[in-house]
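**Student:** Okay, here's the prediction I keep looking at, along with the sequence it came from:
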Amino acid sequence: MSKRFSDLGLNEKLQQGLVELEITVPTDIQVKTIPVVLHQKSDVVALAKTGTGKTAAFGLPLLQLINVENTEIQAVILAPTRELGQQISANLESFAKHIPDISIATVCGGVPIKPQIERLQNPTHIVVATPGRLADLVKRQAVNISNISYFILDEADEMVSALKEGLDAIIKEIPKSRRTLLFTATMPGTIKQLVQNYMSKHVIHIEADMATVGHQGIDHQFVVVEPIEKLDVLLHFLNSKLGQRGIIFCKTKAAVNKLAKKLAINKFSSGAIHGSLSQGIRDRIMGQFREGHIDILVATDLAARGLDIKDVAYVINYHLPDTYDAYVHRSGRTARAGAKGLALTILQQEEVNDIADFEDELGIHFSELKKADAQSIEENNTLLWAKKIFKTKPNRSISETLRKDVRTIFHHLTKEELIEKVMAHQLAQTSLAPTKADDSKTKSKKN
């Protein structure tokens, strides 16, 4: 029989908030973690894949443990990115709807620090932060975290690698008597070292059903392409998913920008995020994606880490990730909250052997997707060409004489005849155009 939140020891106010959010059945990590956080005093290391409800696993018991009469900061929650920090705060606020006296402050980088300093002058129980910004606030003596009782690290595996300096500065400021709760999707050596260095010897280890939950509902596929056809195969796939939401991951910021430009040229509803964009632009693009105004997000790993976006139908690895952990985080953006999803990796022939390693390490199975044939690619490119024409705005600077002369040429054609002729011309042009492969062959012959 499935457990209910009432069985886990949560009070009625939190249960009421969950009912209104239509959250009725706790996930495996929530069932295993909430009673331990509520009723024991030990540090906790919780291993659970993305999309399994980790925020509620630590957020719900934390809200119940806060003493609202004590106006000092009692808990610090660290997240690797501003987007995830904002998301955690929003979740906590919704969970605490019927506990209005709880005060939660969000202090993350990428935005002006002055309003955050002013906010922290008011009574605050929980601070949600990114390590760099919190370390800056501590240095400015704008926040006092020396008396906290709870220290929570979410997506800890990313923080210890990319944001270690800020994390170390914060740990020096918090009391040794605090209770540390560490949540991670993977357990690399850096996490094990952090547990050994900064957590008590009597740590409780909790592990969700890692064999199934983290990948449940995800169809892992790969498609093998030649470098020259990689973009065409991607565009063919995206055209088959029109109206569905997806995320495309690239290794570098430059690759994100380049691919996003290609998608825009081909009139796909898309946006790009990476660390070099201003926080305002990142927030705007994420808002558009979250609200369904754009369908495709092109991103680097860190920029999209931990994001919980509903109804992401597919994730595409335009470049094979360097680590198994990165694959876990990327694929975990789809199939969230019990939904189904697809994780497609686009490979070159020399990368195919790596798939077996990913399968062995992660305990998953990849199936090969047969790439579209040349005719399908050509037809898809013609559709994209037609879409570009359809969305092209009329050129008002064309002289009336030229406009009249062109109309005269086409005057006796019906709409259907004109479409047939324009299509035939386009197909002739594309079939005659030399490919990059042809160019390279020609050059080699000359040499």
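**Tutor:** Now that the structure is in, tell me what you want to look at.
**Student:** element containing Val45, please.
**Tutor:** Taking DSSP states H and E as the definition, Val45 sits inside strand 44-47.
**Student:** and if you look at Arg330?
**Tutor:** Here Arg330 is assigned to helix 324-331, by DSSP H and E.
**Student:** ok, and for that helix, which residues are buried?
**Tutor:** Using 16 or more other C-beta atoms under 10 Å as the test for burial, helix 324-331 gives 325-331. Heads up, the C-betas are built off the backbone N, CA and C, glycines and all.
**Student:** Can you pick out the most distant pair from those residues?
**Tutor:** Asp325 and Ser331 (11.2 Å; C-beta to C-beta).
**Student:** Look up which residues are beta-bridged to Ile247.
**Tutor:** Leu297, Val315 (DSSP bridges).
**Student:** how near is it to Val256?
**Tutor:** Distance of Ile247 to Val256, computed by C-beta to C-beta, to the nearest Å: 11 Å.
**Student:** again with Ala90
**Tutor:** Separation of Ala90 from Val256 (C-beta to C-beta) stands at 25 Å.
**Student:** do Glu350 as well
**Tutor:** Noted for Glu350: a distance of 23 Å to Val256, by C-beta to C-beta.
**Student:** neighbour count winner among those two?
**Tutor:** Shown here are Glu350 and Val256; by other C-beta atoms under 10 Å, Val256 has more neighbours (25 against 8).
**Student:** contacts for the helix or strand where the more buried one lies?
**Tutor:** Assessed by DSSP H and E, Val256 sits inside helix 253-265. With contacts defined as C-beta atoms under 8 Å, 6 or more residues apart in numbering, helix 253-265 is touched by 231, 238, 248, 250, 270-276, 296, 298-300, 318-319, 388.
**Student:** rerun at 10 Å
**Tutor:** Helix 253-265 has contacts (C-beta atoms under 10 Å, 6 or more residues apart in numbering) with 230-231, 234-235, 238, 248-250, 252, 268-277, 285, 296-300, 303, 318-319, 384, 388.
**Student:** buried sites along that helix?
**Tutor:** In terms of neighbour count (16+ other C-beta under 10 Å), helix 253-265 has its buried residues at 253, 255-257, 259-260, 263.
**Student:** quick one: which two of those residues are the most distant?
**Tutor:** Distances among the buried residues of helix 253-265 were taken as C-beta to C-beta; the most separated pair is Lys253 and Leu263, at 15.8 Å.
**Student:** what stretches of the stretch 301-447 of the chain score poorly on pLDDT?
**Tutor:** 303-307, 337-338, 431-447 (pLDDT under 70).
**Student:** can we see that at 90?
**Tutor:** Scanning the stretch 301-447 of the chain for pLDDT under 90 picks out the ranges 301-311, 322-340, 360-364, 371-396, 403, 407, 410-413, 416-447.
**Student:** now the helices for it?
**Tutor:** In the stretch 301-447 of the chain, the helices defined using DSSP state H, counting those that start in this stretch lie at 324-331, 352-362, 374-391, 400-410, 415-432, 436-446.
**Student:** What is the end-to-end distance of stretch 36-46?
**Tutor:** Start-to-end span of stretch 36-46 (C-alpha to C-alpha, to the nearest Å) is 11 Å.
**Student:** Could you give the separation of it from the chain centroid?
**Tutor:** Offset of stretch 36-46 from its chain centre (C-alpha atoms, centre = their mean, to the nearest Å): 28 Å.
**Student:** I'd say Ser6 and Ile34 touch.
**Tutor:** No. Using C-beta atoms under 10 Å, Ser6 is not in contact with Ile34; the gap is 11.2 Å.
**Student:** The two - which one has more neighbours?
**Tutor:** Neighbours were counted for Ser6 and for Ile34 using other C-beta under 10 Å; Ile34 has more, 26 against 12.
**Student:** what's the spacing between the more buried one and Leu63?
**Tutor:** Distance from Ile34 to Leu63, counting by C-beta to C-beta: 11 Å.
**Student:** Can you check which residues contact both of those two?
**Tutor:** Here Ile34 and Leu63 have 10, 14 as joint contacts, going by C-beta under 10 Å, 6+ apart.
**Student:** What residues of the helix or strand where Gly280 lies count as buried?
**Tutor:** According to DSSP H and E, Gly280 maps onto helix 279-290. By neighbour count on 16+ other C-beta under 10 Å, the buried set for helix 279-290 is 282-283, 285-286, 288-290.
**Student:** before we move on, back to that, angle of the helix holding Val256 against helix 374-391?
**Tutor:** 70 degrees (axes from the mean of the first three to the mean of the last three C-alpha atoms, to 10 degrees).
**Student:** domain assignment for this protein?
**Tutor:** Listed domain ranges for the chain are 5-207, 217-374, 393-441 (source: automatic domain parsing).
**Student:** Serialize those domains to a markdown table and add fields for distance to Asn380.
**Tutor:** A markdown table is the format used below for these (distance: least, C-beta to C-beta, whole Å):
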| stretch | distance to Asn380 |
| --- | --- |
| domain 5-207 | 31 |
| domain 217-374 | 4 |
| domain 393-441 | 11 |
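**Student:** In the stretch 1-150 of the chain, where is pLDDT below threshold?
**Tutor:** The stretch 1-150 of the chain contains residues with pLDDT under 90 at 1-4, 6, 21-25, 27-28, 48-54, 80-84, 86-87, 109-111.
**Student:** let's go with 50 and repeat that
**Tutor:** Counting by pLDDT under 50, the ranges of the stretch 1-150 of the chain that qualify are 1.
**Student:** for it, what spans make up the strands?
**Tutor:** Under the criterion DSSP state E, counting those that start in this stretch, the stretch 1-150 of the chain contains strands at 44-47, 75-78, 104-107, 126-129, 150-153.
**Student:** Export only the CA atoms of the fourth one, formatted as PDB.
**Tutor:** Same thing as strand 126-129. Extracted as PDB, the C-alpha positions of strand 126-129 are listed here (Å, rounded to 0.1, in the frame of the first residue of the first chain):
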ATOM      1  CA  ILE A 126      15.500  30.500   5.400                       C
ATOM      2  CA  VAL A 127      18.100  31.800   2.900                       C
ATOM      3  CA  VAL A 128      18.200  30.200  -0.500                       C
ATOM      4  CA  ALA A 129      21.400  31.100  -2.300                       C
END
